[in-house]
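# what would the 3D arrangement of this be:
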Amino acid sequence: MSDDKVYISYNYVHKLCQRSAGEIKKFKPDLMVAIGGGGFIPARILRTFLKEPGAKNIPIQAIGLSLYEESVSTSNEENANDEGGLPDAEEAGMEVIRTQWLDFNTLETHALNLIGKNILIVDEVDDTRTTLHYAVSELSKDIKVQAEKLGRSNEVTRFFIFVLHNKDKPKRAKLPEDIMNGRYLAAETVSDIWIAYPWEATDIDLQTKYAVSQGNI
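Residues are numbered from 1 along each chain as shown. Model (predicted):
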């Protein structure tokens, strides 16, 4: 096991979402936008804990954003993936590539538009903050266009961001102050460490074993 990685189990992810749900409920989210692929599983777990008795489940929409220009192993080539089915590290790129986005025309047709809603954006980690910045700024632009189109510019759309982990490091991008002042929640703030999430592993038993040995279960 590499000493410079922190291994996270599915159980640990579940518990992080559970203990964060109470604070998120105060925001009263109307829907979630999960950033793929790290935000998908936390968003689905959160939905269970955010559901109020007698109320419908909070809808989850998905967007795909890639911050990796290419996968670059930090290991030597001859030792690549020597953890037996656990992921190698990747170097974060500077450019955000939009691989999947919301179809606002479809959302409008099905009465699921985002105008005037409380929107919960979910991702697994706030590393450079570039992806979160892109998601908020681009969604805001698109919602503004739709609001003007429909004559609803007076309606206020609010964003709340939830991540499992925030890395305590200099960020490449900023988020609006109104989000950072009360509408941003990281289940844990950690140093600039390499976090191995369970959905990245091909050997889940080994992933869980390492997570247990580190107390992340």
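# and the strands in the protein?
Ranges of strands in the chain, per DSSP state E, are 5-7, 31-36, 60-66, 97-100, 118-126, 158-167, 184-190, 194-196.
# report the mean confidence score over the second one.
Right, the one you point to is strand 31-36. This predicted structure assigns strand 31-36 an average pLDDT of 95.
# same thing with the first one?
Looking at strand 5-7 alone, the average pLDDT works out to 96.
# that strand: partners in the sheet, and parallel or antiparallel?
When pairs are called by DSSP bridges, strand 5-7 turns out to pair with strand 194-196 (parallel).
# mind naming the longest helix for this structure?
If you go by DSSP state H, the chain has its longest helix at helix 130-149.
# distance from that one to the middle of the chain?
In terms of CA atoms, centre = their mean, to the nearest Å, the centre of helix 130-149 is found 17 Å from the chain centre.
# can you check stretch 18-25 too?
Using CA atoms, centre = their mean, the offset of stretch 18-25 from its chain centre is 15 Å.
# and if you look at stretch 107-127?
Relative to the centre of its chain, stretch 107-127 is centred 12 Å away, using CA atoms, centre = their mean.
# and for stretch 200-213?
Using CA atoms, centre = their mean, the offset of stretch 200-213 from its chain centre is 21 Å.
# then stretch 43-55?
Averaged C-alpha coordinates place stretch 43-55 at 17 Å from its chain's average position (CA atoms, centre = their mean).
# with adjacent residues omitted, what lies nearest to residue 59?
residue 31 (4.5 Å; CB to CB, 6 or more residues apart in numbering). In short, each C-beta sits where N, CA and C put it, glycine included.
# one more: residue 172?
Using CB to CB, 6+ apart, the nearest residue to residue 172 is residue 128, at 4.4 Å.
# just residue 44 next, same as before
residue 60 (6.9 Å).
# any weak-confidence spans in the chain?
Low-confidence segments of the chain, defined by pLDDT under 70: 1-3, 68-94, 108-112.
# bridging residues for the residue nearest in space to the middle of it?
The structure's the chain has its C-alpha centroid closest to residue 123; by CA atoms, centre = their mean the separation is 0.4 Å. Beta-bridge partners for residue 123, by DSSP bridges, are residue 163.
# fine, thanks again, bye for now.
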